[in-house]
Structure formats: C-alpha cells, structure tokens
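K.L.:
Starting from these lines, generate the structure:
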Amino acid sequence: MEIPLLQDIVILLGLSVVVIFLFQKLKLPTILGFLATGIAFGPYGFGLIQASHDIEILSEIGVILLLFIIGLEFSLASLAKIKKVVFIGGASQVLLTIGAVVAATMALGFGLNESLFIGFLVSLSSTAIVLSLLQSSGMMNSPHGKIALGILIFQDIIVVPMMLLTPMLAGEGGNIWVELGLLIAKAAAVIVAVLISARYLVPKLLQAIVKTRSRELFIISIVVICFAVAWITSSIGLSLALGAFMAGLTISESEYSHQATGLIIPFREIFASFFFVSIGMLLDISFFVEHIGFVLLITLAVFVLKFTIIVFSSAILGFPARTSLLSGFTLFQVGEFAFILAAVGVSYDLLTDEPYQYFLAVSVLTMALTPFVMQASDKLSTALVNKSRFKHVKMNGANAGMEEVSEELKDHLIIIGYGLNGRHLAEIARNAEIPYAIIDINTDNVELGKSKGEPIFFGDASNPYMLEHLHVYKARVAVVAISDPPATRKVVSSIRSICNTVHVIARTRFFGETNEYLKLGASEVISEEFETSVEIFTRVLHQYLVPEADITNYVQGVRKENYEMLRPFFNGNANLGLPDWQDLKVISIRVETSNEEIVGVPLSEAKLRNKYGISVMAIYRNDEVQKVVDPSAHLEKGDLVYVFGSPESIGKFGQAVKG
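P.N.:
Numbering: from 1, shown residues only. Predicted coordinates for the structure are as follows:
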C-alpha cells in the first residue's frame, strides 16, 4: 500500500535534519533552517516536496499545539492582567496600521477597497514565530512578551471580522452586522463555557483520569480537550489557534498543567516544523529574484511602519521606552493568518497575481528576519533609548512625589522589580526598618504597591535617569529581582555606570548565567537553579538525620567551591599586588551565651581575635550603637555584635555565642 504523503514527510523531515544541522553549525536560528528547507525543496525550488496542501494541514496542527502550550503556561488570572494590552494595545495597533497602509497604497493608485484589504494583511503579525521565539528564550513572561501575546490575541480575534468583511469589499456578501452579531454571541458562549470548564469541569475530569494511573489515557484526554475546543471555535467562525489557546487556559487552572505541557511539547516540535517549512514553500524564488529591489523596499517600509505603530501602541499603555521598542522589534513581521486571509482575497479578486506574489515575498522575508531582529533587539533598543529624547523623560503622574521621597533616601535599599521576590524583600525591609525604594515597569505591580503604601515608582531601571532619582549613588544595596535576563544585564551595567559603591545583588534562573552578570559588575548573583539544588540536598540530609552542624558545613563547602570557580571572572585585584578581600565579610551576630570567657570580660582578655579569627567592629546594646570599640569594651548577653572576618571564622564565633 503506497501512501504518497508519507514519502513527502520522510523527505521533508530528512532534509530538515540536514539543513538545520548546517544552520546550527553556522549558529543560525532553527526557524530559519525550516524556512530555507521549504524554499529550497518546495514547488518553487527543486520540487522534491509535492503534497504542499497536505503539508499545510499538518502545519495547522503545529500552530494548534503551539498555542495550546502557551495557554497551558498562562492562566485566566494572568490573562485578565493584560486585558488592556489586548483591547487597547491590539485595537490601536491594528486600526493605525490599516489606516497608514490605506493612505500609502491609495497614493500608489490602488482603490479604497483593495487598500483596506492590503491594510488587513499588513496589520497581522506571526503568532507562531513570535510566541515560539519568546518561549524558547524564556521571554514569555517579560513585559514585552506580554505585550506581544496581548496584541497577537487581538489579531487572532479580529481576523474573523476581516474575513467577513472581505466579500463586502469585493461587492458581494450578506448583512455584515447580522453576521457579526451572531459571531459575538457565539464567542461569548464559548468564553463562558471555557470559564466554567476551567473552574469546575476540567480539574475534576483530569483528577479522575490521573487516579487511573494510565499515562496513555492522560495523553489522549489532553489531546482531545485541545482539539475539541479548537474545532468548536473553528466551527463557529473563530480561529483554530484561538481555540487551542483557550483550551490550554482551561487546563492551566488545574494542578496537572505542567505534566500536560511536558507530554505535548515533543508533538509540538514535530508539527511546528511542518508549519515553518510550509511557509517557506510559498515563496516563488524566481519572482523574488526578478523583483528583489522592490521587494526589499516594501519589506523595509513594512518594518518601519509596523515598528513605529507598535512602539506607539505600547507607549500609550504606559510602558517605558525600552519595553515599547522591544515590542516593536518583536511584532514587525507579517503573520501566517494573513496567508489565509490573502487566499480569500485572491478568490474575490481583491488581490491580483502580482500584488499577491509581492505580499508572499515580503511576508516570508519579514518572518525570516524575525529571529535575527529579536536576537539583536536588546542592543538595538538600548542604543535607541540612549540616543533619543526618552533618555531624559520627565516624571509622569504615576511618579508624583518621587522627588520628595528620593531626597530622603540615604544608605537605603533599592528593589528593582515588584514581583514575588520583590514583595517579600520589601516586607522584610519594612519590618527591619531598612529604608528602601522600589522601581518597576509593570503598571499592575506599581498600582498594587501603591495600594499597599509602598514607596514604589514606575520606570525602567536600566535608564540612568531613573536610577539617579532614586539616589543609587547613596544606596547601600540594589537588588535586581526581575526575570528578564537582557533587562537584568542592562540594569547592572547602568548601575555600575553611575557608581561603584552600591552592593548589587542580581537574580538569575540558571547558574551558567552567573559569570556574565559578575563581569558586568554585580557584587553577588543568586542562581535559582543552584539555590534550589542546595535546598533539595539540605532537606534530603535532614530526612536522613544528618547532624545540623554537618549539614551547615557541607552547604558552606558547596557554596565556597562554586564561589572559587567563579572567582577568576571578577577578582579585579588579582594582578595588582593587593590583598584578596573577597572572603572577608561584616556580619551581625546575637550574643546568646553566658560564657564568662566571652561575656562580661574586656575584649583584651577575651582574645576573640586569637581564638576565633574575628574582629569586633561595633556593638548594638539598649538601642544604642557603640561605633568605637576599644580593648576595654565588653560583650553582654543580648548584644548584637558586628564582627569582621572570613565566613569560617564568623561561623566558629557564631557557634560559640549561641545559648
């Protein structure tokens, strides 16, 4: 029995392996390898892949699985937080793009209806490519990642009314208002069904399935939910991708979402490859080569137009310049849903053959450029901010009173990012009566902080202007508690460009990123990956009843070993003949002992330096600090003593003064 499609799948995947292997060797993006495979071996290339329509069907499955996983990683609560981005940012981006394209194309001689349709096409961006790149780079939860998701959701919704309007633009079709009304009613019913399912039905269903302990049943159930919701939304006129995203949201509210994600990812990778290859297969190479000059000119125009409008749409939502620019560099391309819409336009003669070929060439080219532009977006946005008027942006209403608060800051803590870590740190600082200030670029976090009475300000901490207003040069510690690696690097660099006195603590997900932050000037880097491993083996040792002192010593040894491994990257005194102070610290320790060899005797007789290798720097007693500690001073039970020494010496002294 011969299966023609099987032959094309084998050829497609086999060629993809070879091309992507070469692209990896050249350090080029994987997505570009898939596009190149489709261009080179599709119907307009060597013609080795013939069943292009069947490949497109498989590619739709890849888009469905991609949006399904994105939905799994979100939640209804997190989606509600970006509703302003969806409706205000998305609407402004689409409408402004359509308006600008209509003005430009009518000036070139196109009619109004054709211009409107071309505006529809250009206003759409690539959901599959953008979300795939954001997810693989860990930027999905970054501010510009959420902007991208919100605008893409709106585009996926608005493409349906665009399809309904297309026959009318061609002079055909029925009553658009009746059809739109029915569509809105159906969409509302689906949303209600999703909310009910996410809250009540799906968690109970999955719980019953999990109790069977059948892995096969769990996988099948997840896939059925995904494709069932996608099919329902498609049958009422909404897009398959939007339905898949909503299906992911229904499962995201359950405790089994992570397990479902892990099981679906391998299937997504396979089918997503079909999508990117199918996009490449659309490009007519001969047409592209013959008209390359005009194609490049149109591509540049589309890039500049969409980039400018997306930056503006992000700015009106209150996001800082850098985040707005990153959003523009993320969503400048023409998307895959535009291909579906273009096919409808061709069938109604809204697009003739030549404009359609130009559209395909520009779309594929912008998609191919997306990985490169997104990879360079951090450096590009930083350069634009530094050279533009945004660098000297004035305080807005969100930061009213910042001047008065910042003038009082001295020897304070600066918390950059008001997420979970930032909120906990602020609470601890408040309870310990440590002066602090918070800065965040997420307007929701800023509003939450202000509602709690926190000294929080809206702004981009990578902007030296904002750091100067927070008196970073007077601060003792600055903690970078954000989950955006490029932004963290920029913040650390910006702090060090202003002063070298503040102690900078940076957070990172992976231990391998630590070196880079230290090179940029971070004083300490907390790796979630490393700290999690330390916490895990600590708890394991506790369960095996290993003595607490042995566990502490082992943890200190592990930390020191990794610390020594990183030393060459930030030991600036290595070649200057200066002492190595990296191991020496000042720590406060509570005296809980009544040992007469330590308490109640002059320090000259206690000989703490000889016995423990530490020096007493200050003593806090009865709400007063003794800053000058001479040999006649003594320690008392209950004192808070500030000692200077190595971690080992301080630990030894700490054990001695315990009760």
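K.L.:
pull the longest helix from the chain.
P.N.:
In the chain, taking DSSP state H as the definition, the longest helix is helix 353-387.
K.L.:
Show me what counts as buried in it.
P.N.:
For helix 353-387, burial by neighbour count (16 or more other Cβ atoms under 10 Å) applies to 355-368, 370-371, 373-374, 377-378, 380-382, 384-385. Bear in mind the C-beta positions are built from the backbone N, C-alpha and C, glycine included.
K.L.:
Quick check: residue 644 is in a helix.
P.N.:
No. Counting by DSSP: H, G, I helix; E, B strand; the rest coil, residue 644 is not found in a helix; it is strand.
K.L.:
Report the helix or strand with the lowest average pLDDT across this structure.
P.N.:
When the helices and strands of the chain are compared on mean pLDDT, DSSP states H and E, helix 402-407 comes out lowest with a mean of 51.
K.L.:
so who does the spatially most central residue of the chain touch?
P.N.:
Nearest to the geometric centre of the chain sits residue 139, at 2.3 Å (Cα atoms, centre = their mean). Applying Cβ atoms under 8 Å, 6 or more residues apart in numbering, we find residue 139 in contact with 133, 145, 484.
K.L.:
Of these, which belong to helices?
P.N.:
Counting by DSSP H, the contacts of residue 139 place 133, 145 in helices.
K.L.:
hmm, back to that, could you look up the SS state of the residue nearest to the centre of the chain?
P.N.:
Following three-state DSSP, residue 139 is assigned to coil.
K.L.:
and what of residue 589?
P.N.:
Under three-state DSSP, residue 589 comes out as strand.
K.L.:
Isn't it up against residue 657?
P.N.:
Yes. Using Cβ atoms under 8 Å, residue 589 is in contact with residue 657, at 6.2 Å.
K.L.:
Neighbour count: those two, which is higher?
P.N.:
Remark: of residue 589 and residue 657, residue 657 carries more neighbours, 21 against 18, as counted by other Cβ atoms under 10 Å.
K.L.:
Show the backbone phi and psi for the more buried one.
P.N.:
Backbone torsions for residue 657, taken as degrees, to the nearest 10, come to phi -100, psi 10.
K.L.:
okay, residue 152: pLDDT?
P.N.:
At residue 152, the model reports a pLDDT of 90.
K.L.:
now swap in residue 359 and tell me
P.N.:
Predicted confidence (pLDDT) at residue 359: the value is 92.
K.L.:
again, but for the one 10 residues further on
P.N.:
What the model reports for residue 369 is a pLDDT of 92.
K.L.:
repeat for residue 32
P.N.:
We have a pLDDT of 83 for residue 32.
K.L.:
Kindly export stretch 302-314 (C-alpha atoms) in CSV.
P.N.:
What follows is stretch 302-314 as a C-alpha-only set of coordinates in CSV (Å, rounded to 0.1, in the frame of the first residue of the first chain):
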residue,chain,number,x,y,z
VAL,A,302,6.5,47.4,6.3
PHE,A,303,9.2,47.1,9.0
VAL,A,304,9.4,50.8,9.7
LEU,A,305,5.6,51.2,9.7
LYS,A,306,4.7,48.3,12.0
PHE,A,307,7.6,49.0,14.3
THR,A,308,6.6,52.7,14.7
ILE,A,309,2.9,51.9,15.3
ILE,A,310,3.6,49.1,17.8
VAL,A,311,6.0,51.3,19.7
PHE,A,312,3.3,54.0,19.9
SER,A,313,0.6,51.5,20.9
SER,A,314,2.9,50.2,23.7
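K.L.:
Next, the angle from whatever helix or strand residue 100 lives in to helix 353-387.
P.N.:
Assigned by DSSP states H and E, residue 100 falls within helix 90-107. Using axes from the mean of the first three to the mean of the last three Cα atoms, to 10 degrees, the direction of helix 90-107 lies 120 degrees away from that of helix 353-387.
K.L.:
From the rest of the structure, what touches helix 90-107?
P.N.:
Contact partners of helix 90-107, identified using Cβ under 8 Å, 6+ apart, comprise 112, 114-116, 118-120, 122-123, 150-151, 153-155, 158, 301, 305-306, 309-310, 312-313, 316, 331.
K.L.:
go with 6 Å
P.N.:
With contact meaning Cβ atoms under 6 Å, 6 or more residues apart in numbering, helix 90-107 is reached by 115-116, 118-119, 122-123, 151, 154, 158, 305, 309-310, 313.
K.L.:
got it, and stretch 636-647?
P.N.:
If you take Cβ under 6 Å, 6+ apart as the criterion, stretch 636-647 is touched by 583-584, 586, 588-591, 594, 599, 613-621.
K.L.:
quick one: average confidence on it?
P.N.:
86.
K.L.:
show me where the stretch 501-650 of the chain has helices.
P.N.:
Counting by DSSP state H, counting those that start in this stretch, the stretch 501-650 of the chain has helices at residues 514-520, 528-543, 548-566, 603-606, 608-612, 647-656.
K.L.:
closest one to residue 250 among the ones you listed?
P.N.:
Nearest to residue 250 among the helices of the stretch 501-650 of the chain is helix 528-543 (28.9 Å), distances taken as Cβ to Cβ.
K.L.:
Just the CA trace of the closest one, in PDB.
P.N.:
Taking C-alpha atoms only, helix 528-543 is exported to PDB below (Å, rounded to 0.1, in the frame of the first residue of the first chain):
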ATOM      1  CA  GLU A 528      17.700  29.900  41.400                       C
ATOM      2  CA  GLU A 529      19.000  26.700  39.800                       C
ATOM      3  CA  PHE A 530      21.900  26.400  42.300                       C
ATOM      4  CA  GLU A 531      19.900  27.600  45.400                       C
ATOM      5  CA  THR A 532      17.200  25.100  44.600                       C
ATOM      6  CA  SER A 533      19.700  22.200  44.400                       C
ATOM      7  CA  VAL A 534      21.200  23.300  47.800                       C
ATOM      8  CA  GLU A 535      17.800  23.400  49.300                       C
ATOM      9  CA  ILE A 536      16.900  20.000  48.000                       C
ATOM     10  CA  PHE A 537      20.000  18.200  49.300                       C
ATOM     11  CA  THR A 538      19.700  20.000  52.600                       C
ATOM     12  CA  ARG A 539      16.200  18.600  53.100                       C
ATOM     13  CA  VAL A 540      17.300  15.200  52.000                       C
ATOM     14  CA  LEU A 541      20.100  15.200  54.600                       C
ATOM     15  CA  HIS A 542      17.600  16.300  57.300                       C
ATOM     16  CA  GLN A 543      15.500  13.300  56.500                       C
END
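K.L.:
Just the strands from the stretch 101-250 of the chain, written as ranges.
P.N.:
Here the stretch 101-250 of the chain has no strands by DSSP state E, counting those that start in this stretch.
K.L.:
Where does pLDDT dip in it?
P.N.:
By pLDDT under 70, the low-scoring segments of the stretch 101-250 of the chain are 138, 172-177, 179-180, 183, 239.
K.L.:
measure the residue lying closest to residue 246 once chain neighbours are set aside to residue 224 for me?
P.N.:
Spatial nearest neighbour of residue 246, excluding adjacent residues (Cβ to Cβ, 6 or more residues apart in numbering): residue 194 at 5.0 Å. Using Cβ to Cβ, to the nearest Å, we find residue 194 at a distance of 16 Å from residue 224.
K.L.:
cool, residue 530 as well?
P.N.:
Distance from residue 530 to residue 224, counting by Cβ to Cβ: 40 Å.
K.L.:
more neighbours, the two?
P.N.:
Legend: neighbour count by other Cβ under 10 Å for residue 530 and residue 224, higher for residue 530 (18 against 11).
K.L.:
Count the neighbours of the nearest residue to the more buried one once chain neighbours are set aside for me.
P.N.:
Once flanking residues are discounted, residue 530 sits nearest to residue 511: 4.6 Å by Cβ to Cβ, 6+ apart. Applying other Cβ under 10 Å, we find 17 residues neighbouring residue 511.
K.L.:
quick one: contacts for residue 511?
P.N.:
Residues in contact with residue 511 (Cβ under 6 Å, 6+ apart) are 527, 529-530.
K.L.:
Tell me, what's the model's pLDDT at it?
P.N.:
pLDDT recorded at residue 511 is 70.
K.L.:
Kindly report the same for residue 413.
P.N.:
Value for residue 413, per-residue pLDDT: 92.
K.L.:
That one contacts residue 481, correct?
P.N.:
No. Contact criterion Cβ atoms under 6 Å: residue 413 and residue 481 do not qualify, at 11.2 Å.
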